[in-house]
Each structure stands twice: as C-alpha cells, then as structure tokens.
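Colleague: build me a model from this:
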Amino acid sequence: MKKYLMDILRLVIFSSILLGLFAAANFFFRPVWLATDNLGARSGAPESVANYSNLNAFECVNYDTTEGFYANPRNTIQTLFIGASMTTLGVSCTEMYENRGICAYSVSTEAQPILASYYWLKEGRRLHPETLNTVVLDVSMLRREIGESFYKKSLDGMHLSKNKFDAAWDASMKVMQEEDEEGLESVEGADPEDKNVARRAKVLEYLMPIFAYHDRWKELGRNDFVKFNYDSRDYLRGFSLRTLSLLKRKEPGDIVVPEFKVDESAKPEKLSKKEKRYYKKIVEYCKENNLKLILIKTPSPETWNSAEHNAIQKLADKDGLTFIDFNYEPYLSEEGYVAAVDGTDKKHLNYYGAQKLTRWLGDYLADECGVEDVRGKAGYEFMDEQLATYKEKVEKVVELKDITYLGTYLNMVSKNDRYVTFISTKNYRASLIDDAQREMFRKMGLTKLADLQDEEKYIGFIDKNGIVENSTSDPEEALIMKGVLPGSFDYDLESIGNGEKADSQINIGEFDFSINSPGINIAVYDIDQHIVVDNTIFDTYPKVPYNTEKAYNEAVKNGLSYTDLPEILKNLYLYDERLGEAKEAALGKSE
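Modeller: Next comes the predicted model:
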C-alpha cells in the first residue's frame, strides 16, 4: 500500500512538473508583439520590430494592453474602446479619467479584426457587467480583411474563458476559409473529419501559443526573457504614443489636407462582408445588453474619403447608431485636428493629436452619453494611482522632449534617479552655451562641459550615483567610455574625429541612439522600463519643441514674422495656409 501511494505521489509530482513546464513554455513562446516605433523615435533610433528584439520599446502594444486590461478590478470599466491601431494611438483613457473622471479602457490592437473586437467586447462585459455602459468602435477594419497573424496578435492576450474558446473556434474557421479561397491550404472537398482535425489544430494554436510559435526559437530575444519578471504598463490603459509629427517627416506641400465636407453623391465603398458579419454581432450584442454603441473614425485624411464615409454612414443609419467621423466638419474644427502637427503618419495620431481627440470624446461621453464621473468614488483609487504613474512616466517624458534650453534639459534629467543620461559631442561650437547655462552646468557638477570650447570633444555620463565626464582639445584623440547598465545592457559612448571625420556614438545594447549631428548629442535611458525615452540634439540653432503647434502659436503671439521663424515653423505656416484655402474652398467664407 505504501509503495502504491509513493507511486501515485511520484506520478502527481511528475505530472505537476510537466504541466508547469508546458505552461511556462506557452507563456515563453507567446510573442510580445512590439510596436514599430518608440516614444518620439527620430533619426538614430531603431524603428523596426526586429530592432527591438534586444531593447524593450516604450510602446509594447498588445502585451501591455491585454495584461493591463485584466489588471482592472471587476466592475469598474464604464467605457470600452475596441478596434484597430488608429484607436490605440488615438485615445488616452488615463487622460480621459483626468479630464472627465471616466474609467475607460482601450483593448484596440494593431489591425484588429472585427471578429476580435466582438469577442473583446464580450470579455469586457463578462468582467464588468455592472459598470460597462458605452462601447466605442473604430470602423477602419470594416473596409478590409487581414491575414492570420493579426487574429493571433489580437487574441493571444485574451485569458482562457468561454469567450477565448469561441473566438479561437470562429477565428480558425475564418482563417481556413480564407486560406481555401487563396489556394494556400485547400480544404474544399476534403473529408469532413479531416476538416475537423485541421480546425481543431488551428484552435489549439490560438489557445496554446506553443503550438503556434514553437518554431520561433530562432527569433527569441531579450524581451522573451524579460516577460518572466515584467510588470505590464497598465497605467497606459491600452494607449500607445508617438510624439513625432508629419511635419518632421514630410514637406508641407506633401501633407494631405482634409476634404472638410462629405461628398454625399460619392458611391458608398464596398465593405467586407466577413467583417460586416461581426459588426452586426456587435450591434446585436450591444442592443441585447443595453450598451450604447458609438461608431467613430479617427482623423486620417490621406487614407479616408467620402465613399468610405458614406458606406459607414449607411450602416449607422440602418442600425440607428451615431457615427462620428473626425475627418469632416464640424468634428474637425471641434477637435482642432491639424494633420501636420497631430498626425505621426498617414493614418495614426501622435500624442498631441491623441490629447485633442481624447478631450473631445471624454466631453461627449460625459455630456451626451451620461457616463458618470467616478473620481473620488470608492473602488476607483487604482485610477488615481495609474494617473500619478502616467504623469511621471509619460507626461514628464513628453515635457522633456519639449525643452529647448540645454541647461534646463540636463538639470531635469540629472534630478531623476531612474534616468541614465549619455552625452557625446560632434564638431562642437561653443556659441551654443551662454554664461547662464555654463553656471548651471557647474552647479550640476558638469565642469568640463561648462568649460568646453570650439571643436573640443566631450563625452559625459550622468546617473543617480554621480557624473563621469571627459574632454579633449586634441583633434587626434578619441574619447571612449564603456560600461554595463542595470538590466545588463552594454553601452559604448564615443566622440571621435573632427570636421568631416567627426563621429558621435551612443550605443546601448546593439543600437546607436546618437543623432550624430553637429552639437551635443544626448540619449536618456530609463532603468526601470529598460528603454531610451529620448534621444536629441542641441546645436547652435534654437531647438524647436516636439509640440510645434504650441511653439508656432507662441511665435505668432510674440509678433514674429515669417522670415524670423525657424524652418519647421515656416513649414507649419505654409501648411496652415493650404489648410485655410482648402477649408474655404470646401465650406465657403461664411464657415
């Protein structure tokens, strides 16, 4: 009997270990799905998914979004945003709480199929049946169908539940049908049992990542290991942000202006039948559960037109829904959207555009939909904690990017214990530094930077433990500093050569974050988040903040003429002229 019990115990222990290893493998092989841009990425910063394999990006879209969603206490979310990346980058639910006290969450993901939106809606109501009352759907994905990877990206983070099983079952059938239509993996005419086996295999891939991603061991990077000791950034509440604007990517004449007025005669665009099917399910589900459904289209004049608007409007009218299209009046003016400064690419908003859209939507939800202000209400203390973290880790970083005075910039980063600051010069010109800044540097302990002269080279390192700096006037001497950051990233800081041979490098991990332009190159690394939160350049010309619209308005207020404006503000002036002409042509002078 004793031997029999020992055998059972061994079997239980062995099975537990096996199940534990299987669960760990499932977690480990699930991709993090990093975004393709970090906070304010600019020249010198990696901009592809592959480049983030060894350095965690600021906006970790799907992983933070889904893990943060499940971190919400039950029966707290009032408004759920569902849809594609246009909403992910367009709405900050944390700022909506700050502005109007609304507890909202965005489970939007990159190219989210309407099928996934439907099941995330059901998951939202499963966890928040007493508080969820409004749903905002971004309609972008009604226009097209996408590949299987986006189904996985959208559903990987959903916890196991009936909704996850149903979503996996439906997604597997949809993917198999699409593969059959494309002739990639035909199941037409196959034995019914073979079809069922194939479908069950697909379902397993959605439920257990190890079956879908077992062969990605060749692609494993640092992020796959970081997950085991990773706190999701729930304070983002599904928001991903970029500060780079179209104005810094394109010439003003190449940035599209909106149509302003809908051409009601335009033949409605043909929408995807498959996506419409799940749109109908969303409509029916909201009606059955007394949820107010609002359709929106975020501003993206380069990728949206009247034909697409008319198609969605036709659907909305048929179903008795409100459709708010921010590509047209009056919403364009009410929101204050200006593509040149509020867009980060042809279809996504940057941080400044998201602030505008968030404020408008918050006002609408509170004033028109009656969503309650829960600030100070018992059970919502976690929202105040998330807001405080958001201000520290997001708003202060954005504030940092808008500082134009080098002394103020270095003073701010040197006082933050989370930051490690790297400085490297290239063809330095002393006219950059005025006496007031030199005095600020001396008080901070940056004595060599304070005394730096024309063409001298300099490298500096600032962290909570102090300052290390070196400089030289010898044109042949190379300045190099190497070390290891918390989190085991190697760094290599260099300022070498003069004239055409001059080079500035700030290598962290495998990537160079130096802008490598004449002047003082800086990169700021956050040791808590393991990311570079800013990389910038200060040279002999005034640095224009990322919030170029604010800088432009201040320049106009101060009476600066066009010829006195920095180049980027001149470009904004030219775009603004085009915008005014287009609006007048579309709406007339009276508008």
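Colleague: hey, what's V468 bridged with?
Modeller: F461 (DSSP bridges).
Colleague: which residues touch it?
Modeller: By Cβ atoms under 8 Å, 6 or more residues apart in numbering, the residues touching V468 are G460, F461, M481. Any C-beta I mention is one placed from the backbone N, CA and C, and that applies to glycine too.
Colleague: tell me where the model's unsure across this structure.
Modeller: 1-61, 174-230, 487-488, 540-542, 589-591 (pLDDT under 70).
Colleague: show me where it has its strands.
Modeller: Ranges of strands in the chain, per DSSP state E, are 79-82, 104-106, 134-138, 292-297, 322-325, 419-426, 457-463, 466-472, 479-484, 490-496, 503-508, 511-512, 519-526, 531-538.
Colleague: note down every partner strand of the shortest one and its orientation.
Modeller: The strands beside strand 511-512 in its sheet (DSSP bridges) come out as strand 503-508 (antiparallel).
Colleague: and the strand it pairs with, what's buried?
Modeller: By neighbour count on 16 or more other Cβ atoms under 10 Å, the buried set for strand 503-508 is D503, S504, Q505, I506, N507, I508.
Colleague: stretch 409-427 too?
Modeller: 409-414, 416, 418-427.
Colleague: now do the contacts for the residue lying closest to F260 once chain neighbours are set aside.
Modeller: Counting by Cβ to Cβ, 6 or more residues apart in numbering, A586 is the residue found nearest to F260 once chain neighbours are left out, at 3.8 Å. By Cβ under 8 Å, 6+ apart, the contact list for A586 reads E259, F260, K261.
Colleague: what is the nearest of those residues to W120?
Modeller: Ranked by distance to W120 (Cβ to Cβ), the contacts of A586 are led by E259 at 31.4 Å.
Colleague: my read: that closest one touches N305, true?
Modeller: Yes: when contacts are counted by Cβ atoms under 8 Å, E259 is listed as touching N305 (7.1 Å).
Colleague: more crowded one of the two?
Modeller: Each of E259 and N305 has its neighbours counted (other Cβ atoms under 10 Å); E259 has more, 19 against 15.
Colleague: ok, that one to A266 distance?
Modeller: 10 Å (Cβ to Cβ, to the nearest Å).
Colleague: which neighbours do those two share?
Modeller: In contact with both E259 and A266: N305, S306, using Cβ under 8 Å, 6+ apart.
Colleague: what's the burial count for L321?
Modeller: L321, neighbours per other Cβ under 10 Å, totals 17.
Colleague: need the contacts of A586 in CSV (columns: distance to V533).
Modeller: Formatted as CSV, the contacts of A586 follow (distance: Cβ to Cβ, whole Å):
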residue, distance to V533
E259, 37
F260, 37
K261, 41
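Colleague: which strand residues bridge D534?
Modeller: V524.
Colleague: tell me how far it lies from N305.
Modeller: When distance is defined by Cβ to Cβ, D534 is 37 Å away from N305.
Colleague: follow-up on the earlier one: and the contacts of A586, which is closest to Q437?
Modeller: Lowest distance from Q437 to these (Cβ to Cβ) belongs to F260, with 45.3 Å.
Colleague: what sits against V91?
Modeller: V91 sits next to F81, A104, S106, S108, V136, G238, F239, A354, L357, T358, L361 when contact means Cβ under 8 Å, 6+ apart.
Colleague: okay but the fourth one is in contact with G83, surely?
Modeller: Yes: if you go by Cβ under 8 Å, S108 and G83 touch, sitting 4.7 Å apart.
Colleague: for the two, list the residues in contact with both.
Modeller: Shared contacts of S108 and G83 (Cβ under 8 Å, 6+ apart): D138.
Colleague: which residue packs closest to L332, ignoring adjacent ones?
Modeller: Of all residues not flanking L332 in the chain, P258 sits nearest, at 5.9 Å (Cβ to Cβ, 6+ apart).
Colleague: whoops, I mixed them up, K583
Modeller: F260 (5.4 Å).
Colleague: ok so, going back, list just the nearest of the contacts of V91 to D434.
Modeller: Within the contacts of V91, distances to D434 taken as Cβ to Cβ reach their minimum at A354, with 35.4 Å.
Colleague: can you tell me how far that closest one is from S333?
Modeller: For A354 relative to S333 (Cβ to Cβ), the value is 18 Å.
Colleague: these two - which one has more neighbours?
Modeller: Neighbours were counted for A354 and for S333 using other Cβ under 10 Å; A354 has more, 25 against 13.
Colleague: wait, the more buried one touches G238, no?
Modeller: No: the pair A354 and G238 does not pass the contact test of Cβ under 8 Å, sitting 11.7 Å apart.
Colleague: how many residues are close by the closest residue to T472 other than its chain neighbours?
Modeller: Once flanking residues are discounted, T472 sits nearest to K457: 5.3 Å by Cβ to Cβ, 6+ apart. Neighbourhood size, K457 [other Cβ under 10 Å]: 26.
Colleague: so who does K457 touch?
Modeller: Counting by Cβ under 8 Å, 6+ apart, K457 touches T425, Y428, S471, T472, E477, L479, S495, I496, N498.
Colleague: check N327 too.
Modeller: Neighbouring residues of N327 by Cβ under 8 Å, 6+ apart: P258, E259, K297, P299, S300, P301, W304, H309.
Colleague: what's the closest of the contacts of V468 to Y390?
Modeller: Y390 lies nearest to F461 out of the contacts of V468, by Cβ to Cβ, at 28.7 Å.
Colleague: now do that closest one against N507, distance only.
Modeller: Distance of F461 to N507, given as Cβ to Cβ: 13 Å.
Colleague: now do the shared contacts for those two.
Modeller: The contact sets of F461 and N507 overlap at L493 (Cβ under 8 Å, 6+ apart).
Colleague: W360 is in contact with R100, correct?
Modeller: No: R100 lies out of contact with W360 (Cβ under 8 Å); the separation is 10.8 Å.
Colleague: count of residues packed around Y405?
Modeller: 15.
Colleague: distance check, it against G376.
Modeller: Taking Cβ to Cβ, one finds Y405 at 38 Å from G376.
Colleague: next: N516.
Modeller: Counting by Cβ to Cβ - N516 and G376 are separated by 50 Å.
Colleague: out of those two, which sits in the more crowded spot?
Modeller: The neighbour comparison of N516 against G376 (other Cβ under 10 Å) goes to N516, with 17 against 9.
Colleague: distance to L365 added to the contacts of N327, as CSV?
Modeller: Shown next, in CSV, are these (distance: Cβ to Cβ, whole Å):
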residue, distance to L365
P258, 24
E259, 26
K297, 17
P299, 18
S300, 22
P301, 25
W304, 23
H309, 22
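Colleague: just those residues now: which is nearest L89?
Modeller: Distance to L89 across the contacts of N327 (Cβ to Cβ) is lowest for S300, with 10.7 Å.
Colleague: report the separation between the residue nearest the centre of the chain and R100.
Modeller: The centroid of the chain falls nearest to S240 when counting by Cα atoms, centre = their mean (2.3 Å). S240 sits 21 Å away from R100, going by Cβ to Cβ.
Colleague: over to Q386?
Modeller: 15 Å.
Colleague: cool, and E494?
Modeller: Distance check for E494 against R100: by Cβ to Cβ, it reads 49 Å.
Colleague: now swap in S517 and tell me
Modeller: For S517 relative to R100 (Cβ to Cβ), the value is 42 Å.
Colleague: how about D156?
Modeller: For D156, the distance to R100 - Cβ to Cβ - is 32 Å.
Colleague: the more surrounded of the two?
Modeller: R100 (22 against 19).
Colleague: show me the contacts for the more buried one.
Modeller: Applying Cβ under 8 Å, 6+ apart to R100 gives the contacts G362, D363, L365, A366, V371, D373.
Colleague: got the contact list for the first one?
Modeller: When contacts are counted by Cβ under 8 Å, 6+ apart, G362 is found next to E95, M96, N99, R100, I102.
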